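Colleague: Predicted model follows, preceded by the sequence.
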Amino acid sequence: GQQVMQIPQYQHVQEGEDFTTYCNSSTTLSNIQWYKQRPGGHPVFLIQLVKSGEVKKQKRLTFQFGEAKKNSSLHITATQTTDVGTYFCAVGVGNYGGSQGNLIFGKGTKLSVKP
Amino acid sequence: GAGVSQSPSNKVTEKGKDVELRCDPISGHTALYWYRQSLGQGLEFLIYFQGNSAPDKSGLPSDRFSAERTGGSVSTLTIQRTQQEDSAVYLCASSFGAFGKQFFGPGTRLTVL
């Protein structure tokens, strides 16, 4: 079945440093979503990427979808303590645009930020 | 409007007992998903519903796990003869249509003694 590799598993940074997490698949993806889960909380949707080479920005967060639609990255510039949490990518399984489909989540990258 | 709600928020049970977990999705969301998350781990997909039907049950760990959805709304996840390895947080999510962004509930923390 569809699998997605997410690296690194953990990342410890000093506040102000940049952070990047990567999501890789062996197959072409129809779409990819990113979620953030704060400690003790539940996952919250951040963004969805659909187009090849797509780049989207949300303040200090930059999301990219690879040209071949097999990988994606989330980059945070100048991390803050509020960025602490686990970042998950999720890939669509099924016929995108159809009536049925599901998401498979990566194992996540746990980010800790030292003040 | 209200978000996804789940009940109970915490459940402690004895090994061998049955438990029922409930999820109330966002009104109008056609897709509903169940996941399991062990401490410090990722999200393990269990089952998803499109309307009242479950196109994908591949994630259910064993035949002790079952789920249903009625009226295209509320869903229940039932675990029979619970085992200690069933201890985890069970998360429910809903979305408007397939591949839509998922809105998660707060989860049910299940502890099997």
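Modeller: Nice, I can see it. Computed from a prediction, not measured in an experiment: that's the story for all the values here.
Colleague: partners of the lengthiest strand in chain A in the sheet?
Modeller: Longest strand of chain A, by residue count under DSSP state E: strand A:85-94. When pairing is defined by DSSP bridges, strand A:85-94 lines up against strand A:32-37 (antiparallel), strand A:101-105 (antiparallel), strand A:109-114 (antiparallel).
Colleague: what does the second one contact?
Modeller: With contacts defined as CB atoms under 8 Å, 6 or more residues apart in numbering or on different chains, strand A:101-105 is touched by A:1-4, A:33, A:35, A:88-95, B:33, B:35, B:42-43, B:45, B:48, B:55-56, B:98-99, B:102. Yep, even glycine has a C-beta here, placed from its N, CA and C like the rest.
Colleague: Can I have the buried ones of the residues you listed as a ChimeraX selection?
Modeller: Selection command for ChimeraX covering only the buried members of those, criterion 16 or more other CB atoms under 10 Å in any protein chain shown:
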select /A:4,33,35,88,89,90,91,92,93,94 /B:33,35,42,43,45,48,55,56,98,99,102
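Colleague: Where do the strands of chain A begin and end?
Modeller: Secondary structure of chain A by DSSP E: the strands cover A:5-7, A:10-14, A:19-24, A:32-37, A:44-49, A:55-58, A:61-65, A:71-76, A:85-94, A:101-105, A:109-114.
Colleague: Between strand A:19-24 and the fourth one, find me the angle.
Modeller: Translated: strand A:32-37. 130 degrees (axes from the mean of the first three to the mean of the last three CA atoms, to 10 degrees).
Colleague: any idea of the mean pLDDT for strand A:32-37?
Modeller: Mean per-residue pLDDT for strand A:32-37: 96.
Colleague: mind exporting it as CSV, just the C-alpha atoms?
Modeller: Extracted C-alpha coordinates of strand A:32-37, given in CSV (Å, rounded to 0.1, in the frame of the first residue of the first chain):
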residue,chain,number,x,y,z
ILE,A,32,-0.2,16.2,0.0
GLN,A,33,-1.3,17.9,3.2
TRP,A,34,0.6,19.1,6.2
TYR,A,35,-0.6,19.1,9.8
LYS,A,36,0.7,20.3,13.1
GLN,A,37,0.1,18.6,16.4
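Colleague: Report the inter-axis angle for it versus strand A:44-49.
Modeller: 160 degrees.
Colleague: For chain B, which residue gets nearest to chain A?
Modeller: The nearest approach of chain B to chain A comes at B:Ala98, 3.5 Å away (CB to the nearest CB).
Colleague: close enough to count as contact, that residue and B:Gln50?
Modeller: Yes. At 6.6 Å, B:Ala98 counts as touching B:Gln50 under the criterion of CB atoms under 8 Å.
Colleague: who in chain B is up against chain A?
Modeller: Counting by CB under 8 Å from any CB of the partner chain, the residues of chain B close to chain A are B:33, B:35, B:40-43, B:45, B:48, B:50, B:55-56, B:58, B:91, B:93, B:97-99, B:101-107.
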